[in-house]
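A.B. asks: only geometry, no sequence info:
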Ligand code: AMP
Ligand code: MG
Ligand code: MG
């Protein structure tokens, strides 16, 4: 690949290829059926597919971009020893010919933090609800999300899945966007991590329909495909690797992702992993501030309080 192609475009091309490979690993492990499930914390699972997919993506990206900082959900990969066919150094060509936004032309590897969720929707994966599963990679430059990849291993289409990418200022690909519903309010939220605060936020919006599905990546795809107007999750359980890639893809299309107060998250390497203000994302064309105003003050306050109490209890 020509080195004169801007770094961000090369990195997105490499990430698409690595995410596709990780998706095949996820399918292969499910086919064999030995998932090796570990409960990392209450209602927070990891499988052999999460571990292997992360090793594949980190090995592939770190060998090509050694000075980039990579943070993966499944912890530091102490060993990048992986089967040789897991290391993908070829690239997807679709993004290489794009015009790079001027603000990203001079980006260097040391400016970049990559956030990896190798398998978003693990709870659903273990239950066979594989259409909720995504592989998420977010690329942040000096704390700002600039590009993202969302790979759906189980499609559509079945067999190879599909890979959606977005670069803010350059566009998105791999999906056909549709406008959200106009005459009714459809909100998507968690399937497996609800609580009273999450429900209070939903009730305040008085939606016509609530789509309870797994995974942050899957929910953002519903916004892009016009199946929901907003993604509302009034809990601090979701982390930076869940939203960096989806935020970049959604923003590249004109949507918005913030906390419940309308504040954008930062993605520097040293930030708090938990999204302590919850997640509020709206489809392109929606008035994001309308949703922020509708969320009750007690909800905004209790998200922080619940997280603080959980953290405190974990010391005892
Ligand atoms: P969900 O919408 O419940 O599928 O959550 C989206 C992402 O946030 C998934 O990766 C979940 O594992 C993660 N998440 C949300 N809430 C929690 C929680 N209470 N504990 C651990 N992970 C969570
Ligand atoms: Mg996740
Ligand atoms: Mg995960």
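C.D. replies: Done, it's in. Since the model is a prediction, treat every value here as computed from it, not as a measurement. Ligands and ions are numbered 1, 2, ... in the order given.
A.B. asks: for the closest residue to residue 65 other than its chain neighbours, what are its contacts?
C.D. replies: Spatial nearest neighbour of residue 65, excluding adjacent residues (CB to CB, 6 or more residues apart in numbering): residue 109 at 5.4 Å. Where C-beta positions appear, they are placed from N, C-alpha and C, glycine not excepted. The contact partners of residue 109, taken as CB atoms under 8 Å, 6 or more residues apart in numbering, are 7, 65, 66, 67, 68.
A.B. asks: residue ranges with poor pLDDT in this structure?
C.D. replies: Scanning the chain for pLDDT under 70 picks out 1-3, 77-80.
A.B. asks: let's see 90
C.D. replies: Along the chain, segments meeting pLDDT under 90 span 1-4, 42, 76-81, 90-94, 155-160, 310-311, 314-316.
A.B. asks: What ranges does it have for its helices?
C.D. replies: Assigned helices in the chain, in chain order: 7-32, 48-64, 122-126, 196-205, 216-224, 240-253, 288-294, 297-313 (criterion: DSSP state H).
A.B. asks: can you list those helices in CSV and add distance to ligand 3 and mean neighbour count?
C.D. replies: Below are the helices of the chain laid out as CSV (distance: least, CB to the ion, whole Å; neighbours: other CB atoms under 10 Å):
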stretch, distance to ligand 3, mean neighbour count
helix 7-32, 11, 22
helix 48-64, 6, 23
helix 122-126, 5, 21
helix 196-205, 19, 17
helix 216-224, 9, 27
helix 240-253, 7, 28
helix 288-294, 26, 15
helix 297-313, 19, 15
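A.B. asks: Next, count neighbours for the residue of the stretch 101-250 of the chain found nearest ligand 3.
C.D. replies: Proximity of the stretch 101-250 of the chain to ligand 3 (CB to the ion) peaks at residue 117, 4.3 Å away. Using other CB atoms under 10 Å, residue 117 has 32 other residues around it.
A.B. asks: hey, what's it bridged with?
C.D. replies: Beta-bridge partners recorded for residue 117 (DSSP bridges): residue 136.
A.B. asks: and it, what does it touch?
C.D. replies: Residues counted as contacts of residue 117 (CB under 8 Å, 6+ apart) are 72, 73, 134, 135, 136, 137, 216, 217, 239, 241, 242, 245.
A.B. asks: what about the residue of the chain found nearest ligand 2, how many neighbours?
C.D. replies: The nearest approach of the chain to ligand 2 comes at residue 120, 3.6 Å away (CB to the ion). Residues lying near residue 120 (other CB under 10 Å) number 29.
A.B. asks: just to revisit the earlier point, take the helices of the chain and lay them out in TSV including distance to residue 171.
C.D. replies: As requested, these are exported to TSV (distance: least, CB to CB, whole Å):
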stretch	distance to residue 171
helix 7-32	11
helix 48-64	22
helix 122-126	29
helix 196-205	30
helix 216-224	12
helix 240-253	6
helix 288-294	20
helix 297-313	33
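A.B. asks: coming back round to it: show me just the buried residues among the contacts of residue 109.
C.D. replies: Buried members of the contacts of residue 109, counted by 16 or more other CB atoms under 10 Å: 7, 65, 68.
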